[in-house]
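> Got a predicted model here, sequence first, then my questions.
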Amino acid sequence: MPRVLVVLPTYNEADNIAEILRQVRAALPDADVLVVDDSSPDGTAEKAEGLDDELGHISVMRRPAKSGLGSAYRAGFRYGLTNGYDAFVEMDSDFSHDPAALPHLLAAFDRGAALAIGSRYVPGGSTPGWSRLRRFISRGGNRYANIMLGLPVRDATAGFRVYSRAAMEKIDLDSVRADGYGFQVEMAYLVHGNGGRIDEIPITFRDRELGQSKMSSRIVVEALVLVTWWAIRDRSKALVRRVRGS
Ligand SMILES: Nc1nc2c(ncn2[C@@H]2O[C@H](COP(=O)(O)OP(=O)(O)OP(=O)(O)O)[C@@H](O)[C@H]2O)c(=O)[nH]1
Ligand SMILES: [Mg+2]
């Protein structure tokens with residue numbers, strides 16, 4: 001049996017945390033769960049800790065200040081590497097990612113995927129209720145990343161994932177800096193660059209009903225700037241190698 005760690009980043013998710021933990025436990029009875037909370041003023045961390053008695057194997061990492069989603073995941077993944085986990089689950093704590101889909105993502109990991117992505121943009125995936133503008137921005141950003149980076153992934157900005165330990169060990173987490181969508185693209189690009197297989201599993205992505213969004217246009221701009229920078233950097237490197245080799 002692989003040892004599975006579910007990393008749940010939280011900032012002011014007191015309205016969602018209890019139910020999300022219950023549903024994660026129902027979907028994966030044997031997984032360990034790590035809530036990475038950035039001192040949420042609404043008491044999310046205390047609520048999560050209070051559920052350990054009922055659900056078991058729930059730990060909370062408390063960080064002193066709000067430091068971003070990417071940073072929270074990096075901290076959770078480092079914990080997982082140090083503590084010998086085989087599979088690393090990444091998901092939001094606001095029900096955008098349905099815990100009931102977790103067994104499907106882990107089945108892809110069992111079949112040998114280095115990274116399994118819960119994807120909105122493969123047949124069967126969907127984003128009900130999204131405006132045309134939001135769909136256009138999300139799909140456009142993904143197409144841009146496909147083309148610029150040669151990344152064969154339909155939904156590289158998705159944050160519902162399972163990484164294998166082997167894939168995670170090959171990544172230098174200290175060098176990963178992006179925080180929002182850029183973080184998701186960067187991690188997928190690194191897995192792909194290291195030769196890991198990426199599988200996409202269709203999911204229905206739902207908008208949060210409770211709590212506040214922490215995302216902003218800054219996060220979208222960060223992702224676009226980074227994708228452009230990685231594409232230029234890596235094409236220049238390839239060119240230098242070709243010139244040197246010839
Ligand atoms: N630890 C930590 N968690 C964060 C931080 N920012 C966001 N999160 C969590 O990351 C997940 C995704 O953040 P959201 O605010 O839902 O971002 P989003 O999914 O792009 O946007 P909406 O669903 O529209 O709100 C949620 O579980 C948040 O609680 C942060 O700075 N630190
Ligand atoms: Mg969300």
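Received the coordinates, thanks. Ligands and ions are numbered 1, 2, ... in the order given.

> So is stretch 87-107 next to ligand 2?
Yes - shown here: stretch 87-107 in contact with ligand 2 (Cβ under 5 Å from the ion) through 92, 94, 96. For every residue, glycine as well, the C-beta is placed using N, CA and C.

> Okay, buried residues for that stretch please.
Residues of stretch 87-107 classed as buried under the neighbour-count rule (16 or more other Cβ atoms under 10 Å) are 87-99, 101-102, 105-106.

> Keep those residues, but drop any that are not near ligand 1.
For ligand 1, the contacts drawn from the buried residues of stretch 87-107 by Cβ under 6 Å from any ligand atom are 92-94, 96.

> Closest one of those to Leu190?
Asp92 (20.9 Å; Cβ to Cβ).

> show me the contacts for the spatially closest residue to Ala14 that is not a sequence neighbour.
Using Cβ to Cβ, 6 or more residues apart in numbering and skipping residues adjacent in sequence, the residue nearest Ala14 is Asp42, 4.1 Å away. Shown in contact with Asp42 (Cβ atoms under 8 Å, 6 or more residues apart in numbering): 12-14.

> returning to that earlier point: which of the ones next to ligand 1 among the buried residues of stretch 87-107 fall within helices?
With helices defined by DSSP state H, no entry of those lies inside them.

> what's the average pLDDT for stretch 128-139?
Throughout stretch 128-139, pLDDT has a mean value of 93.

> Report the central residue of the chain.
Of all residues in the chain, the one closest to the mean position by Cα atoms, centre = their mean is Gly159, 3.4 Å from it.

> May I have the secondary structure class of that one?
Reducing the assignment to helix, strand or coil with DSSP: H, G, I helix; E, B strand; the rest coil, the entry for Gly159 is coil.

> Do you know the pLDDT at it?
Confidence at Gly159, expressed as pLDDT, is 97.

> Which helix or which strand is home to the closest residue to it other than its chain neighbours?
On the basis of Cβ to Cβ, 6+ apart, the spatially nearest residue to Gly159 that is not a chain neighbour turns out to be Gln184, at 5.4 Å. Element membership for Gln184, per DSSP states H and E: helix 181-193.

> Next, count neighbours for Trp230.
Other residues near Trp230 come to 21 when the count uses other Cβ atoms under 10 Å.
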